[in-house]
Each structure stands twice: as C-alpha cells, then as structure tokens.
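**Student:** sharing a model that was predicted from the sequence below.
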Amino acid sequence: MARFKGFFVKIFAGGSGGGRYSPRAVRLFRYASAVIAATLAFLLCLTALGRCKERSADALLGELSHVFSRIDFNNGLFATVAGFEAAHVFAGILVAALFIRALMHGAYLLLRKGRTCTLSTALRDAAIAFAVAVALIQTVAMVGVFEEERLPNTKIKSLYYQKLNDRVAGEVAQFEKLIPPNATVRLESDLPYKKRDPAMYIQRSLAFHLYPIDLLGLRGEEASCILFYKKRKFAVHVPDGFEIIWKSSSSTGIAAKKRRAGR
Amino acid sequence: MTVFGLSLALGLPWLLGVAVVALSWRDERLTLPTALGLGFGVGFGILAQWMLLLGIAGVPLRALTVGVPVAAAAALSLALLIRRRVRRAVPVFAFSRLRPDPLILLMLVCLAAYAAYAFWRAFAFPVYAWDAVATVSMKAKVIFSDGTLASLPRFNHSAYPLHVPFAQAWIAMAIGEWNDHLVKAVFPVTAVCYGLVQYAFVQSFAGARWAVFSLLLLTLSPLFVHHATVSYRDLTMLYFNCTTVLLSLWWFQTKRLRLLLLAAFFSGFTTFVKIEGMGFLPCYSALVLVMLLASRELSWLEKVRTQLLFTGIGVAVWAIYASYKSSLGMVDGARYEITFGREALMRVPAIIDAFTKNMFTSGNWSVVFGLFALSLLRFRRIWRDKLVLFSAMACLMFLAFYALIAMLSPNFVYLAGADMSKGLARVFLHFWGLVPVAVVLINGRDVCHDISDPHRQRAHEKAEKAL
C-alpha cells in the first residue's frame, strides 16, 4: 500500500520525492503528471460533451480533428464541436487541465513532505502538455487536409479559387494560340469584373495568365485585339476596323484590327 | 536544368547572405541555424535592392545583369570570410547539438510534417490566390517578361513595395521561363528560415527544448502554414519584421553592435515588403529607444549614437524606393487620411471586439494567443527579466499599432469593419512570430535558473558561454 502511495505521489503529482530521485527522474515525473492532467481534461470534456449532446467519442474526435481545416489565404474559421464553438471547447479543456494539475499538486503537498516544483511551474507544464496535445490533433487534421487536397475532384473550400484559376488557365491556353504575343488586348465582358467576385478574380486571372499579352493596358499601347469573354451576342459589339478572328460561342470570341489592303 | 536554375535562384543570394552574416559575426561562434536563417533574409534583401537600383537606372533586368554581380559579391564575401577565419583559426560555423528525448522527437515529427506539407502544397498548386494573381505574382511576371519597371506606374496598386515580386521574378530569370509552381519556392523556404532564426534566438536564451517548443507553437497557426504555400507578401513580412525585433532583443542582451546593425538593415528591408513596413520603422525605433534607456552600461553619447545609427540605416533603405515612387507619382494616399475626434473614439469597441475575436476564437492562431494571455498573468516574472519584458512589449506594441491604424484611418474597414475577414488575420500574421517567442521566454527563461532542472541550467550556461 505504501509502495502504491509512493508511486502515486511520484507519477501523479510530479514530486521530487524529497530529493531521493535524480533530476532526470524528477523531470520525467513532472512531464508524466502534466500529460496525465491534459489527457484527463480531454477525456472529461469529451465525455461531458458526448453526454450533453448525445454524440459518440469517435464522432467528437472526428469533429475535433476538422476544427483547423477551414482556412484560406485571408482567414481561418473555427468549426464547431458538438454545436459549441471550438475555441470555447479548447478553453474549457485548458481550464480543466490546469484545475486537475492544481488538484494533483495539492494532493502531493498533502500526502508527502519534501521539495517539489512550484504550483506555477506545475500549471505551466499542464498548459504545455495541452498545447502539445492540440499540436498532435492539428497534425492529424493537416494530414486529412493533405489527403483531401490530393484528390483530383476535391471540394475543399480553400481551393475554390484554385479551381477557378485552373479553368481560366485552360481557356487562356486557347486564346494564346490566336492572339499575337506582346499584343495589347481589350476585355469586353458582361461579367461585373470591376465590382464583384468571382468576376473580379476571373479578369485578374485572365490578365495574369495571358501576359505578356497585355490585358490591363500596362504598356500604355492602343489595343490591337478585343477579347470578348462571356459577352452575350458579342458579334454586334465588334467596333469598326475590327474583325472576328475566332469564335467559340455566341458569347466568347476574339476580334483583331483589320489589316489594311495592300500590306 | 530547371532544378539547377531553381537551386541557383535560391542558393546564390542565400550564399551571399550567409557570407555577409558570417563576416559580420567576427570572432564569435556562429551556429548554422543562425547563419542560414539570417543569411536568407540578408541575401534576398540585397538582391531586391540591387534589382531596384538596376530598374531605376534603366538597366534591363535579366538573369545576367542581376545574377553575375550577386555571384561576384558572394564569391568575394566567401573569400574574405575564409581568409579571416583561417587566419584567426576560428571555425566558420559552430554546431550546437540537440539532445533528443521523446518529447523533442514528438515535436520534431510534428514540425517535419508541417514542413513537408508546406513544401508539397507550395509546389503542387500553381499561383492562384487572389492578391497573388492580381498584384504580387502579376508584377513579378511583368518584371520578368519586360525586364524593366516601366509599366509599374500603370498598375492598380503601383505604390506597393517590390521585394516579393523581385524574388519571384529572379527565380523565373534563373530558371529561364515563367513557371507558376516553381516561383512559389521562395515561400516555404522563407517559413523554414524564419523558423531557424527563431530557433537560434530562443535556444540562446532558454535552451534547445524550449526552442523546439516555440517552433511548435509557431506552426500551430494554420494561417502561417497556409501562407507558406501561397504567394502573398504577409509571410515575408513576418520574416523580416520578427527578425528585426529578435535581433534587437539579441543586441539588448549581448550589446553587440553588429546585431543591431543587422536589425537595422532588416528593418529597412521590411519597408520594401509591404507598405506597413514604413509604419513599423517608428515602432522599431521606439523599441530600441526603450531598450537603450534600460541599458545602464551605455553612456548617453553611445545611446544617442546607437539610436541614430539604427534609425538612419532603416530610413536610408526605405528612402531608395520611397524617392523612386514619389518621383513617378506613385502614391496610395487615400489610405493615409487620418481621422481624429469622436468618430475615431466610436470605433474603439468594434476594434476591441474584432481583435479579441480574431485572437481567441478564430481558427488562425489555434490556442497560442490564449496561452500568451495566460502567460501575461505572470507579470512579476515578466517584470524581473528585461528580455522577457521587451519580448512581450514588442507583441503588444504591434497590436497597439494596428489598433491605432484601425482607429485613425480608413483601414478600419479591413481591420475591424465590414471587410475585416480580408485583412485582420493577415496583419496579425506580420508579428505572429513574436507571440510564441514571448510565450516561451515568459515560461521558459525561469527554468534555466530552476535548481530542480540542472540539465536546462547547464544548457543555458553553455549557451551564455558560447555567446
């Protein structure tokens, strides 16, 4: 019984055993107690959430591992876990871990005399163990995102613009064959590319992929071609002095300046 | 050929930077993470300024005109370095060994997974992110294709600084073609280099285990990892901004002037990454001023000289592009209009709400801002150690800086208004690297003096001796 008590004091409370153990062993006890506090906090909170919202542990773990995957280049959104905002769940787990570690520290002081780490060190260790546990969850989540992003037809939200960009790049490959390199081109479109996304993005993506064909007038030259892109019945909008050189539908085509006779 | 070109594109400026850092280190032991981490920024900073000068002078920006002088400078610096080190019998690099234990190994596995993912994602997807397609990589492609800066004034955001477009254009020049995937190579490398700088700094003051833990906290931000894979300028801003602050703190602790000089150059390079860099210059100067006031061992004359030197170098680097911009009339004036009075005060609740929500309940920073807030409660410990105090102060200073910008300028819309989902997290990313450092220094510095942990104390003493 006394042995068991000693073991409990060493492992669960992270004590130094009154200076009987080597520094390495003391550090190990401290780590072990911090890990136990964090693990207990995770288990307690998951059980409480499961009971409260009638979810299985597997489902909750699945939700937790997807918390960090809703990220794009501007912002990341925390998902919810069992209907609660994930940040609140994590805060709850952290507070529980600190509370459990404080209880363990108190238990050590009650059960055994001798030197131990301070309460603030014990709490800090528990917070670190919690952070490492979150890092592990995030790493698992990242592997999940990686698997999802590798799929050819992935519907992951952060890749919305990538899909759009791919589509535009495919169309540009066709335009590039018909427009002379280094030409200056004017864009005519019904898309609200000066006001709203995704039209704004499409126009910029077209300009990016077409360059050195200049769609933005960066060289300050007069346009020698017109790119009609999603412009309904574009043929009626072709100005004098231009002729249609290519047409893929009634809304997309290219017009170029007419060549003067004799040249 | 492409692999060779990419290696050349990254390796040449990096080599130059490493040689310059090693030269500036003189007789002390320079660890490999420090050399590689700082060398990347110095090399690419010099390269970007060189390309700017060539562009201003009207010299065509081609692989030879850009690369040959950089290669020559790298060769010269290396020759000087080898000569000096051989003569003084000082090894070029010192290697600090990391004693692996299960906790460190676990953290290293996570870090390796993050790094592998960042490199994979950077190369797997082409340039596609919004601002990349609209401005950053677009400018790079124009500079690469035209070889001049002539069309710059006709861009929508013509006044934006050019460090990142220059870096991408340089990669394309070295490869010999524009490649939507390979021009992004610079971003994961920047993230890794910042990790090396942070590791070197924290390792010097709190030991290797805490340094690895600080890296784990750094990568806990999904936004940081995501930005290592898309061609935005915010990660580069993080690298230069945080390195400036870390070098300043390093100088404060060791009082080696060359560290502050490096910090000054980094502060100048920061102004060439994003417009906010210009606003950071007074912040750096204020931080250095406070540190100088706290340095009792320096005379007043030394303090004044040091402050002038630091601010002067930063302003000088900033002035090159600023004067070029104003000569062409490229100003982005609308965003600088300042509003005082009731309207500004009315914004305060919205700013507090937006900032706290982003820090504590968004998915950008995981739980690290929470840990930072908890760590700040240990104010006695923070107050006792000046290094810890200044590291925490630096984080709060940048928070206050952006709060002030939101309060007084039309940027309120992007920082706490209707469009805050587009801007706020990205500006927090600029000083994100300082948050894990502050958390670790607040909680880790004391352990070095904790008699229950002699291993850490020995490591700390060793690091102090090495310095």
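**Tutor:** Everything's here; your move. Everything numeric here is computed off the predicted structure, so don't read it as measured data.
**Student:** from here on, contacts and neighbour counts on C-alpha atoms
**Tutor:** Will do.
**Student:** what's the first helix or strand after the lengthiest helix in chain B?
**Tutor:** Longest helix in chain B, counting residues (DSSP state H): helix B:300-327. Under the assignment DSSP states H and E, the closest C-terminal helix or strand after helix B:300-327 is helix B:342-346.
**Student:** show me what from the stretch 1-150 of chain A comes close to chain B.
**Tutor:** A:23-24, A:26-27, A:67-79, A:85-88, A:90, A:117, A:124, A:127, A:131-132, A:135-136, A:138-139, A:142, A:146 (CA under 8 Å from any CA of the partner chain).
**Student:** actually the stretch 151-263 of chain A, not the one I wrote
**Tutor:** A:161-162, A:165, A:201, A:204-205, A:208, A:211-212, A:217-220.
**Student:** still on that earlier bit, return the members of the residues of the stretch 1-150 of chain A next to chain B classed as buried.
**Tutor:** A:23, A:26-27, A:67-79, A:86-87, A:90, A:117, A:124, A:127, A:131-132, A:135-136, A:138-139, A:142 (16 or more other CA atoms under 10 Å in any protein chain shown).
**Student:** ok, now which ones touch the residue nearest to the spatial centre of chain A?
**Tutor:** In chain A, the residue lying closest to the centroid (CA atoms, centre = their mean) is A:Ile71, at 2.7 Å. Residues in contact with A:Ile71 (CA atoms under 8 Å, 6 or more residues apart in numbering or on different chains) are A:77, A:158, B:222-223, B:226, B:363-364.
**Student:** next one: B:Leu287
**Tutor:** Taking CA under 8 Å, 6+ apart, one finds B:390, B:394 in contact with B:Leu287.
**Student:** for it, give its distance to chain A.
**Tutor:** The spacing between B:Leu287 and chain A, counted by CA to the nearest CA, to the nearest Å, is 28 Å.
**Student:** so how far is A:Ala91 from that residue?
**Tutor:** According to CA to CA, to the nearest Å, B:Leu287 stands 32 Å off from A:Ala91.
**Student:** A:Leu136 now?
**Tutor:** Distance from A:Leu136 to A:Ala91, by CA to CA: 17 Å.
**Student:** repeat that for B:Val142.
**Tutor:** 48 Å.
**Student:** settle it for me: which of these two has more neighbours?
**Tutor:** Using other CA atoms under 10 Å in any protein chain shown, the more surrounded residue of B:Val142 and A:Ala91 is B:Val142, with 22 against 16.
**Student:** check contacts around the closest residue to B:Phe269 other than its chain neighbours.
**Tutor:** Once flanking residues are discounted, B:Phe269 sits nearest to B:Gly45: 5.8 Å by CA to CA, 6 or more residues apart in numbering or on different chains. The contact partners of B:Gly45, by CA under 8 Å, 6+ apart, come to B:163, B:266, B:269.
**Student:** double-check that B:Gly45 belongs to a helix.
**Tutor:** Yes - counting by DSSP: H, G, I helix; E, B strand; the rest coil, B:Gly45 is part of a helix.
**Student:** report pLDDT for it.
**Tutor:** For B:Gly45, the model assigns a pLDDT of 96.
**Student:** how about B:Ser295, phi and psi?
**Tutor:** Per-residue torsions, B:Ser295: phi -90, psi 100 (degrees, to the nearest 10).
**Student:** wait, I meant B:Pro126
**Tutor:** Per-residue torsions, B:Pro126: phi -80, psi -180 (degrees, to the nearest 10).
**Student:** ok, it to B:Asp180 distance?
**Tutor:** Remark: distance between B:Pro126 and B:Asp180 (CA to CA) = 5 Å.
**Student:** which one's more surrounded, the two?
**Tutor:** Taking other CA under 10 Å, B:Pro126 and B:Asp180 do not tie; B:Pro126 has more neighbours (20 against 17).
**Student:** if I look at that one, how far off is B:Leu246?
**Tutor:** Distance from B:Pro126 to B:Leu246, by CA to CA: 33 Å.
**Student:** can you check B:Met107 too?
**Tutor:** The spacing between B:Met107 and B:Leu246, counted by CA to CA, is 23 Å.
**Student:** those two: who's more crowded?
**Tutor:** Shown here are B:Met107 and B:Leu246; by other CA under 10 Å, B:Leu246 has more neighbours (24 against 20).
**Student:** what angle separates the strand or helix carrying that one from helix B:300-327?
**Tutor:** For B:Leu246, the enclosing helix or strand under DSSP H and E is helix B:234-254. Counting by axes from the mean of the first three to the mean of the last three CA atoms, to 10 degrees, helix B:234-254 lies at 160 degrees to helix B:300-327.
**Student:** any regions of the stretch 51-200 of chain A where pLDDT drops low?
**Tutor:** Counting by pLDDT under 70, the stretch 51-200 of chain A has low-confidence residues at A:69-70, A:78, A:111-117, A:154-158.
**Student:** swap in 50 and give it another go.
**Tutor:** Per-residue confidence for the stretch 51-200 of chain A (pLDDT under 50) gives no ranges below the cut-off.
**Student:** where do the strands of it begin and end?
**Tutor:** A:80-81, A:84-85, A:185-188 (DSSP state E, counting those that start in this stretch).
**Student:** okay, the ones you listed in TSV with distance to B:Thr31 next?
**Tutor:** Shown next, in TSV, are these (distance: least, CA to CA, whole Å):
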stretch	distance to B:Thr31
strand A:80-81	44
strand A:84-85	44
strand A:185-188	53
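**Student:** how about these, which one is nearest B:His157?
**Tutor:** Closest to B:His157 of the strands of the stretch 51-200 of chain A, according to CA to CA: strand A:185-188, at 19.8 Å.
**Student:** so which strand or helix has A:Ile244?
**Tutor:** Using DSSP H and E, A:Ile244 falls within strand A:242-247.
**Student:** CA atoms only: put the helix or strand following that strand into CSV for me.
**Tutor:** Per DSSP H and E, the first helix or strand lying C-terminal to strand A:242-247 is strand A:253-257. Only the C-alpha atoms of strand A:253-257 are listed here, as CSV (Å, rounded to 0.1, in the frame of the first residue of the first chain):
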residue,chain,number,x,y,z
GLY,A,253,-14.5,35.2,-79.2
ILE,A,254,-11.6,37.3,-80.4
ALA,A,255,-11.6,40.3,-82.8
ALA,A,256,-8.5,41.8,-84.3
LYS,A,257,-7.8,45.0,-86.1
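**Student:** PyMOL command for the buried members of the residues of the stretch 151-263 of chain A next to chain B?
**Tutor:** Entered in PyMOL, the line below selects the buried ones among those, by 16+ other CA under 10 Å:
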select buried, chain A and resi 161+162+165+201+204+205+208+211+212+217+218+219
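**Student:** mind putting the residues of the stretch 151-263 of chain A next to chain B into JSON lines with secondary structure?
**Tutor:** What follows is those, written out as JSON lines (three-state DSSP):
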{"residue": "A:Tyr161", "secondary structure": "helix"}
{"residue": "A:Gln162", "secondary structure": "helix"}
{"residue": "A:Asn165", "secondary structure": "helix"}
{"residue": "A:Tyr201", "secondary structure": "helix"}
{"residue": "A:Arg204", "secondary structure": "helix"}
{"residue": "A:Ser205", "secondary structure": "helix"}
{"residue": "A:Phe208", "secondary structure": "helix"}
{"residue": "A:Tyr211", "secondary structure": "coil"}
{"residue": "A:Pro212", "secondary structure": "coil"}
{"residue": "A:Gly217", "secondary structure": "coil"}
{"residue": "A:Leu218", "secondary structure": "coil"}
{"residue": "A:Arg219", "secondary structure": "coil"}
{"residue": "A:Gly220", "secondary structure": "coil"}
